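J.: Using only what follows, build the 3D model:
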Amino acid sequence: MSDAHSHPTVVAVDGPSGSGKSTVSRGVADALGLHVLDTGAMYRAVTLAMLERGLDPSDEKAAASTARDARIDVDDGRVQLDGRDVGTAIRGPDVTAAVSTVSAHPGVRKVLVDRQRDWVARHGGGVVEGRDIGTVVFPDAAVKVFLTASDDERARRRQRDERAAHREVDVGEVRDALERRDRLDTTRAMSPLRKADDALLVDTTDRDASDVIAEIVDRVEAGRARS
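T.: Presented below is the predicted three-dimensional model:
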């Protein structure tokens, strides 16, 4: 394994909602003995904090202040906001509808990108999933991956997630919401969602998660062998 202090192993996993980032990131982290960071959960936690305070998600100054003040702990699937577990609350429809607006604010992104880099430094590397990890947060990551899937498959996956949370939604409505978020995430001025030039592009539509995980792990281990 790489020296955690001088050359931490960072695997950047980017892609839109429903592409399989969380499942693949957890699998890669387990296989490599690394911690995993869901950066999207950090933006969702800031969004939840704003909504709970009655703040307008489009208010950039309030959003940046909320990001600076909030104590957010995201690690290996656990999400805490100011000392309380918010893993379920941040996945609710209100947060989902507002998170792209909040995450587009430059002040919010600056605060959270600094925290993401600090997290990797403290953990000696890790698998980091999000939308700008390979392009902005860790452009020198050992391995960069960009996951995608068909719109229909992504909508079906999100519908399954909603049903698992006891929220019944129409797959067409889910697809419309995904298209809206894609549009916001790919057109924002700062750190838009896009594939890094040197990232491995993986379409997960018709592939088993275990197969995708194995491909990424093989790439990481091949890089370690060369170093």
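J.: Domains in the protein, by residue range?
T.: Domain assignment for the chain, taken from automatic domain parsing, gives 9-32+129-220, 35-124.
J.: what are the ranges of the helices in this protein?
T.: 21-32, 39-52, 60-69, 93-103, 106-123, 151-164, 171-187, 209-226 (DSSP state H).
J.: Any idea which of the domains of the chain gets closest to Arg226?
T.: domain 9-32+129-220 (10.6 Å; Cβ to Cβ). Using the backbone N, CA and C atoms, a C-beta is placed for each residue, glycine as well.
J.: Tell me how far that closest one lies from the chain's centre.
T.: Relative to its parent chain, domain 9-32+129-220 has a centroid offset of 8 Å by Cα atoms, centre = their mean, to the nearest Å.
J.: looking only at pLDDT, what's the mean for it?
T.: Domain 9-32+129-220 shows a mean pLDDT of 94.
J.: Could I get the contacting residues of the spatially most central residue of the chain?
T.: With distances taken as Cα atoms, centre = their mean, Gly130 lies nearest the centre of the chain, 2.7 Å away. Listed by Cβ atoms under 8 Å, 6 or more residues apart in numbering, the contact partners of Gly130 are Val13, Asp14, Lys21, Asp38, Thr39, Gly40, Gln116, Val137.
J.: Then Asp152?
T.: Contacts of Asp152 by Cβ under 8 Å, 6+ apart are Arg175.
J.: Swap in 10 Å and give it another go.
T.: Val171, Arg175, Thr205 (Cβ atoms under 10 Å, 6 or more residues apart in numbering).
J.: ok, so what distance separates it from Leu34?
T.: Relative to Leu34, Asp152 is positioned 32 Å away (Cβ to Cβ, to the nearest Å).
J.: what does Arg163 give?
T.: With Cβ to Cβ as the criterion, Arg163 and Leu34 are 31 Å apart.
J.: ditto for Glu179
T.: If you measure Glu179 against Leu34 using Cβ to Cβ, the figure is 33 Å.
J.: same question, Leu112
T.: Applying Cβ to Cβ to Leu112 and Leu34 gives a distance of 20 Å.
J.: out of the contacts of Asp152, which are buried?
T.: Buried residues within the contacts of Asp152, counting neighbours by 16 or more other Cβ atoms under 10 Å: Arg175.
J.: Using TSV, please lay out the contacts of Asp152 together with distance to Arg68.
T.: What follows is these, written out as TSV (distance: Cβ to Cβ, whole Å):
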residue	distance to Arg68
Val171	38
Arg175	35
Thr205	39
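J.: Just the closest of the contacts of Asp152 to Ala104, please.
T.: Checking these one by one against Ala104 (Cβ to Cβ), the nearest turns out to be Arg175, at 21.6 Å.
J.: Leaving out chain neighbours, which residue sits closest to the closest one?
T.: Nearest residue to Arg175, sequence neighbours excluded (Cβ to Cβ, 6 or more residues apart in numbering): Ala155, at 3.8 Å.
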